[in-house]
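Novice: Quick one: sequence plus predicted model below, questions after.
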Amino acid sequence: MQSGLKKFDKWIIEFITNDPTINPLMGWESSNDTYSELKIEFATKELAIDYAKKNKIEYELIEPKERKIVKKSYSDNFLK
């Protein structure tokens, strides 16, 4: 599978719900907490952290993983 690079430079604040419940009609997981549907994008990590501190939001910082690029040739499929 190939992962794209679109919106790779954005930092996002996502709210985690504390009360996931099962929807009785469809059986899907749902919540009464509307914050769980909210995602806020920032251009830099510092802006995201400042916003969280200013609004007294507890946050967990997850750094992006370094991409490992393996160069392959089409002929590599037939050499093994």
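Specialist: Looks like it arrived, so ask away. The model shown is predicted, which means the values in this text are computed figures rather than measured ones. Numbers count the residues shown, from 1 in each chain.
Novice: Give me the contacts around the helix or strand of the chain with the lowest mean pLDDT.
Specialist: In the chain, no helix or strand scores lower on mean pLDDT, DSSP states H and E than strand 29-30, which sits at a mean of 74. Contacting residues not belonging to strand 29-30 are listed as 20-23 [C-beta atoms under 8 Å, 6 or more residues apart in numbering]. Where you see a C-beta, it was placed from the backbone N, CA and C, and this is true even at glycine.
Novice: Stretch 31-38 too?
Specialist: Contact partners of stretch 31-38, identified using C-beta under 8 Å, 6+ apart, comprise 14-21.
Novice: Now with 10 Å, please.
Specialist: Contacts to stretch 31-38, defined as C-beta atoms under 10 Å, 6 or more residues apart in numbering, come from residues 13-21, 23, 30, 57.
Novice: Kindly check the end-to-end length of stretch 15-35 for me.
Specialist: Between the opening and closing residues of stretch 15-35 lies a distance of 6 Å (C-alpha to C-alpha, to the nearest Å).
Novice: And residue 60, how close does it get to residue 73?
Specialist: Residue 60 sits 40 Å away from residue 73 when distances are taken as C-beta to C-beta, to the nearest Å.
Novice: oh sorry, the question was meant for residue 32
Specialist: When C-beta to C-beta is the yardstick, residue 32 and residue 73 sit 54 Å from each other.
Novice: In space, what's closest to residue 47 - neighbours in sequence excluded?
Specialist: residue 11 (7.2 Å; C-beta to C-beta, 6 or more residues apart in numbering).
Novice: Against residue 8, how distant is residue 67?
Specialist: 9 Å.
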